[in-house]
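Chemist: sequence first, then the predicted structure, then my questions.
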Amino acid sequence: MMSLMTVQCSVELGIIYAITALGVFLSFRTLNMPDLTVDGSFVLGAAVSAMLCSAGRPFSGLALALLAGCLAGCITALLHTGLKIQPLLAGILNMLALYSINLKVMANRANIPLINKATVFSLLEWAPAADYMQLIISLAILLVILILLFFFLRTSLGLVLRATGDNEQMVRALGASTNYTKLAGLALSNGLVALSGALIAQYQSFADISMGIGMVIIGLASVIIGEVIFGTKSLLRRLVAVVLGAVLYRLVIAFALELGMPPTDLKLISAV
């Protein structure tokens, strides 16, 4: 049996990774576009967050990480819509470029430790429920994002974005610009992924150039597990299913580690 502390840590990580899963849901499910920029934008968010945390500005780190991720998503969208590069290749090209950009953001260091640095999780360590503060803060951020995303997808732009993934030709026939909706969708998707990376960096107290490897798989696993187990009858149910899928995925990983499986096999478990 897993200890209470292990379950709590897994749930906390699952909540933060659920933001990545929501981003992947937007690109893969809503826009129906395989976007591999995720692996690079996750690290980009972590790098921006770590650098600003080192300067004593953790909240600015989250905000600028979100903006940096949106910019990365815009570049992928422009490669696809402007240069007519296939979405898969556009994502791969941007992901490759982001590796060098992330190193530059991190001042050419492969790892940035945040030990004894202020983070959004450490600012309320004095509170009575300090042991659960990481869980409370990450859950509060996720709920805000979930609510905002739900209402966004019900706006005119959100409905066009959803329709673009279902039938792009129909949307064009109605006079809407699918290029604009793809730009908005990929920007929002990668912005969420970068925000998740920023939170992970502050949660784990470090940012590493290789921490984004396999983020697409983690996001897809969360989406698929959630949809299969919790259903997809309504928009709200789909969004909640993605979140619960991410938490369940982290619990499965934690259970595998508790059984004695070496951490080096984590990527293999994710793929399976």
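Modeler: In hand now; what should we look at?

Chemist: for the longest helix anywhere in the chain, give the mean pLDDT please.
Modeler: Ranked by residue count, the top helix of the chain under DSSP state H comes out as helix 178-204. In this model, helix 178-204 has a mean pLDDT of 96.

Chemist: tell me which other helices or strands that helix touches.
Modeler: Based on contacts counted as 3 or more C-beta pairs under 8 Å, 6 or more residues apart in numbering; DSSP states H and E, the elements that helix 178-204 packs against are helix 4-24, helix 38-54, helix 58-81, helix 133-152, helix 156-166, helix 168-173. Using the backbone N, CA and C atoms, a C-beta is placed for each residue, glycine as well.

Chemist: tell me which of these sits most buried.
Modeler: helix 38-54 (a mean of 29; mean count of other C-beta atoms under 10 Å).

Chemist: send me that one as PDB with only the CA atoms.
Modeler: Provided in PDB are the C-alpha atoms of helix 38-54 (Å, rounded to 0.1, in the frame of the first residue of the first chain):
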ATOM      1  CA  VAL A  38       4.600  20.600 -26.000                       C
ATOM      2  CA  ASP A  39       8.000  19.000 -25.100                       C
ATOM      3  CA  GLY A  40       9.800  22.300 -25.800                       C
ATOM      4  CA  SER A  41       7.200  24.700 -24.400                       C
ATOM      5  CA  PHE A  42       7.000  22.800 -21.100                       C
ATOM      6  CA  VAL A  43      10.700  23.300 -20.600                       C
ATOM      7  CA  LEU A  44      10.400  26.900 -21.800                       C
ATOM      8  CA  GLY A  45       7.900  27.600 -19.000                       C
ATOM      9  CA  ALA A  46      10.100  25.900 -16.400                       C
ATOM     10  CA  ALA A  47      13.100  27.900 -17.600                       C
ATOM     11  CA  VAL A  48      11.400  31.300 -17.500                       C
ATOM     12  CA  SER A  49       9.900  30.500 -14.100                       C
ATOM     13  CA  ALA A  50      13.200  29.300 -12.600                       C
ATOM     14  CA  MET A  51      15.100  32.400 -13.800                       C
ATOM     15  CA  LEU A  52      12.600  34.800 -12.400                       C
ATOM     16  CA  CYS A  53      12.400  32.800  -9.100                       C
ATOM     17  CA  SER A  54      16.100  33.200  -8.800                       C
END
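
Chemist: tell me what angle it forms with helix 4-24.
Modeler: Put simply, helix 38-54 runs at 120 degrees to helix 4-24, going by axes from the mean of the first three to the mean of the last three C-alpha atoms, to 10 degrees.

Chemist: one step back: what pairs with the helix or strand just after the longest helix of the chain, and is each one parallel or antiparallel?
Modeler: Counting by DSSP states H and E, the next helix or strand C-terminal to helix 178-204 is strand 206-208. If you go by DSSP bridges, strand 206-208 pairs up with strand 111-113 (antiparallel).

Chemist: circling back: quick one, the longest helix of the chain and helix 156-166 angle?
Modeler: Using the same axes, to 10 degrees, helix 178-204 lies at 100 degrees relative to helix 156-166.

Chemist: buried residues in helix 178-204?
Modeler: Within helix 178-204, the residues scored as buried using 16 or more other C-beta atoms under 10 Å are 178, 181-203.

Chemist: related to what we said a few turns ago, how about the helices and strands packed on helix 178-204 in a markdown table, adding distance to residue 100 and mean pLDDT?
Modeler: Below are the helices and strands packed on helix 178-204 laid out as a markdown table (distance: least, C-beta to C-beta, whole Å; pLDDT from 0 to 100):
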| stretch | distance to residue 100 | mean pLDDT |
| --- | --- | --- |
| helix 4-24 | 22 | 93 |
| helix 38-54 | 10 | 96 |
| helix 58-81 | 13 | 97 |
| helix 133-152 | 29 | 94 |
| helix 156-166 | 31 | 91 |
| helix 168-173 | 32 | 87 |
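
Chemist: may I ask you to confirm that residue 224 is in contact with residue 242?
Modeler: No. The criterion here is C-beta atoms under 8 Å, and residue 224 misses it with residue 242 at 9.5 Å.
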